[in-house]
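Asks: sequence unknown, structure follows:
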RNA sequence: GUCCCCGUAGCUCAACGGAUAGAGCGUUGGCCUCCGGAGCCAAAGGUUAGAGGUUCGAAUCCUCUCGGGGACGCCA
């Protein structure tokens, strides 16, 4: 094995290009070699003759015949045939196929797939959970699609820099601190009055009467009254907010266990969010130390602005509280990442907050370059080609009229960082399609500013919405967001029931292990196996089906091969030594040939997948492989095969298992199991 | 209103400008002396939303119509 197994399509294109040159006298002809669309046309087809014939005004079949005469592929193919209007059909020779199969099998790590000749520094921005929230289904696609992209890039030999752009700044910052403050106050009230935490009662109440205006207003008014009272009793006039009760509360946080604190923090944060949404437009106000009386719904934003504008020591307590919430959130995220087999690690975290110090400079530089101007109090860039509903230039707002920065600003700072500090040749963003316009404007602005030079590729990889079986966005029955951890629990539980039914004799921990692999694998595989750009309908029943293009079917195919390996010893077959001594194979049965041809195309599948990040092309390849294996398996006995056939068949089993495992586990992060 | 994406078998989805548009589920019919039947083989099922156009060739590119989704100034 010399490590240079050139893809067959590339070899054929090269030969065809030469033949086209001879037949037409032209250089740089496009041979257009593709996988044959139909097995009757052979294995590969060249479509390049027809456009050339048209251009040269020559009869296409005649030209094709001349090309075939000039074509030297005897070492690879049977004699080429001209077909239809001018196709050239190519069929691999069995000797070449057998040789290639042995070469691929002899390459344990890369399965005959060469690394790229042009390695890049590729930044992949994906997952991006939010602080103080649990990961929900909205994070699933970005997380697993981004992860698979990273894995494929790694395999191709690129230098991958994962970036988890955590939502840890902006409006949430103030709201989370405010949520913590409510946790503090609610605990104080509960201690004084020996009741439960007030937001545990009031949050559901708020949601219930969201459409009952008079009840809602009464409730919000009462909450506001208590808020003001609590705020006043917690404040020393000479120092400001939150010294008496809130400060000691924050100091006590680090001593408290995550399990009790985390649910309270999330709930407190939801409470603030819900409350601010509902009181909007109600006319309620609240006094503040810094800004005087402000609308009640603006208090979170006020807290954000204060924190963003103050680097002084007074904010130290909030900052440490913030760190605590952040750590808790990520702890929870890593539990989900681990289950999903996602490769993100703490060193990949670079949240919005990391760019916060760079934001003023971003705005200043754009202003100095004449690209950013003030408009209606905000600082905006007007990249070319974007219009609003009136047909006027559409602003890319980089600083709000209240002085706060936005995600546009953060994203621009991130581009500068990634290009200047991380030396990115390419930056890939994995987010849903709704953000397409934002990224188009972001990229346009970064190009105008020269922060992303022409040599740096900027790619927005989008995906569609996850829908429930009713065709509406995927929600719980009550309309809430579905937590990712709970979604995985249900998938695993359902998988467990199936394992229980199919294979009741396995030990319990074996069943649990299999159920985890099958359940989580099913969720991921279902996502990967559809075109990422279309919306996709989530269905436990379909993704866990044992038939069809599903994770369980793939895992089953793998387990069957492993079962053969386990049986081998009992049949006096030593697979290792038999494979080690194999220097030639003879493929006779059509199912063997079909499987072998597919096995040597793994590299083509990986390349096609990476070209436009169509992960469904990889799952399709793997599914075809599993199907071809199953056909081979039913038609061709392996352990009981004649001596001359057994080695080749063992090789097909071995390479199929390794290819499935590589594709599933190494590239998609889906576990395989020895039995199921 | 402007712009973007989508519309393919009953359902869920494929198809790199190429030949007779493919799978799976479901439906119907075959295949268990044999390594895991969670399997294999086969049949039926389509005017690729509609109408024009470009092309040797269009589900794919262009124009329009209809239907669905999304974005569109201080959320991310």
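Replies: Here it is on my side, so go on. It should be emphasised that the depicted structure is a prediction, and the values quoted were computed from it without experimental measurement.

Asks: Which residue is it, in the stretch 101-250 of chain A, that comes closest to RNA strand B?
Replies: Residue nearest to RNA strand B within the stretch 101-250 of chain A: residue A:170 (3.1 Å; CB to the nearest atom of the strand). Yep, even glycine has a C-beta here, placed from its N, CA and C like the rest.

Asks: From residue A:330, how far out is the nearest residue to that residue once chain neighbours are set aside?
Replies: The shortest distance from residue A:170 to any non-neighbouring residue, by CB to CB, 6 or more residues apart in numbering, is to residue A:352 (6.3 Å). Distance of residue A:352 to residue A:330, given as CB to CB, to the nearest Å: 14 Å.

Asks: More neighbours: the two, which one.
Replies: Legend: neighbour count by other CB atoms under 10 Å for residue A:352 and residue A:330, higher for residue A:352 (25 against 20).

Asks: Who are the contact partners of the more buried one?
Replies: Residue A:352 makes contact with A:165, A:166, A:167, A:168, A:169, A:170, A:407, A:410, according to CB atoms under 8 Å, 6 or more residues apart in numbering.

Asks: Pipe the residues you listed into a markdown table and attach secondary structure per row.
Replies: Formatted as a markdown table, the contacts of residue A:352 follow (DSSP: H, G, I helix; E, B strand; the rest coil):
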| residue | secondary structure |
| --- | --- |
| A:165 | coil |
| A:166 | coil |
| A:167 | strand |
| A:168 | coil |
| A:169 | coil |
| A:170 | coil |
| A:407 | helix |
| A:410 | helix |
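
Asks: Low-confidence regions, chain A specifically.
Replies: Low-confidence segments of chain A, defined by pLDDT under 70, span residues A:1-4, A:238, A:306-317.

Asks: list residues touching both of residue A:352 and residue A:330?
Replies: Common neighbours of residue A:352 and residue A:330, using CB under 8 Å, 6+ apart, are residue A:166.

Asks: Leaving out chain neighbours, which residue sits closest to residue A:571?
Replies: Nearest residue to residue A:571 in three dimensions, chain neighbours excluded: residue A:639, at 4.8 Å (CB to CB, 6+ apart).

Asks: circling back: which PyMOL command selects the buried ones in the contacts of residue A:352?
Replies: Buried residues within the contacts of residue A:352, by 16 or more other CB atoms under 10 Å, are selected in PyMOL with:
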select buried, chain A and resi 165+166+167+168+169+170+407+410
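
Asks: Return the member of the contacts of residue A:352 nearest to residue A:626.
Replies: The nearest member of those to residue A:626, counting by CB to CB, is residue A:165 at 36.0 Å.

Asks: quick one, phi/psi of that closest one?
Replies: Backbone geometry at residue A:165, expressed as degrees, to the nearest 10, gives phi -90, psi 80.

Asks: domains of chain A?
Replies: Domain assignment for chain A by automatic domain parsing gives A:8-92, A:171-309.

Asks: quick one, which of those domains is nearest to residue A:557?
Replies: Per CB to CB, nearest to residue A:557 of the domains of chain A: domain A:8-92, 21.2 Å.

Asks: Show me what counts as buried in the helix or strand where residue A:497 lies.
Replies: Mapping residue A:497 onto the secondary structure by DSSP states H and E places it in helix A:484-502. By neighbour count on 16+ other CB under 10 Å, the buried set for helix A:484-502 is A:484, A:487, A:488, A:491, A:492, A:494, A:495, A:496, A:498, A:499.

Asks: List the contacts of the third one.
Replies: Shown in contact with residue A:488 (CB under 8 Å, 6+ apart): A:336, A:339, A:340, A:519, A:520, A:523.

Asks: for the first one, same thing?
Replies: Contacts for residue A:484 (CB under 8 Å, 6+ apart) come out as A:134, A:135, A:136, A:137, A:139, A:140, A:336.

Asks: Specify which member of those is nearest to residue A:98.
Replies: residue A:140 (43.0 Å).

Asks: Helix or strand next in line after the helix or strand containing that closest one, which one?
Replies: Assigned by DSSP H and E, residue A:140 falls within helix A:137-156. Proceeding N to C from helix A:137-156, the next assigned helix or strand is strand A:159-163, under DSSP H and E.

Asks: in the very next helix or strand once past that next one, what counts as buried?
Replies: Going down the chain from strand A:159-163, the next helix or strand is helix A:171-193, by DSSP H and E. Buried residues in helix A:171-193, defined by neighbour count with 16+ other CB under 10 Å: A:171-189.

Asks: again with stretch A:54-64
Replies: A:58, A:60, A:61, A:63, A:64.

Asks: same check, this time on stretch A:501-521
Replies: Under 16+ other CB under 10 Å, the buried positions of stretch A:501-521 are A:506, A:510, A:511, A:513, A:514, A:515, A:516, A:517, A:518, A:519, A:520, A:521.

Asks: Apart from its neighbours in sequence, what residue is nearest the second one?
Replies: Translated: residue A:510. Nearest one to residue A:510, counting by CB to CB, 6+ apart, is residue A:675 at 7.8 Å.

Asks: Contact residues of the stretch 201-350 of chain A facing RNA strand B?
Replies: Contact residues (CB under 7 Å from any atom of the strand) of the stretch 201-350 of chain A with RNA strand B: residue A:301.

Asks: and the residue nearest to the spatial centre of chain A, what does it touch?
Replies: By CA atoms, centre = their mean, chain A has its centre lying nearest to residue A:145, at 2.2 Å. By CB under 8 Å, 6+ apart, residue A:145 lies in contact with A:126, A:430, A:461, A:463, A:527, A:528, A:532, A:613, A:615.

Asks: just to revisit the earlier point, now do the contacts for the residue of the stretch 101-250 of chain A closest to RNA strand B.
Replies: Residue A:170 is in contact with A:304, A:352, A:406, A:407, A:410, counting by CB under 8 Å, 6+ apart.

Asks: Can you give me the distance of the third one to residue A:223?
Replies: Going back to what we said before, that points to residue A:406. For residue A:406 relative to residue A:223 (CB to CB), the value is 29 Å.

Asks: got it, and the last one?
Replies: Between residue A:410 and residue A:223 the computed distance is 32 Å (CB to CB).

Asks: that older thread, out of residue A:406 and residue A:223, which sits in the more crowded spot?
Replies: Neighbours per residue (other CB under 10 Å) separate residue A:406 from residue A:223, with residue A:223 holding more: 22 against 17.

Asks: In this structure the more buried one contacts residue A:275, no?
Replies: Yes: if you go by CB atoms under 8 Å, residue A:223 and residue A:275 touch, sitting 6.7 Å apart.
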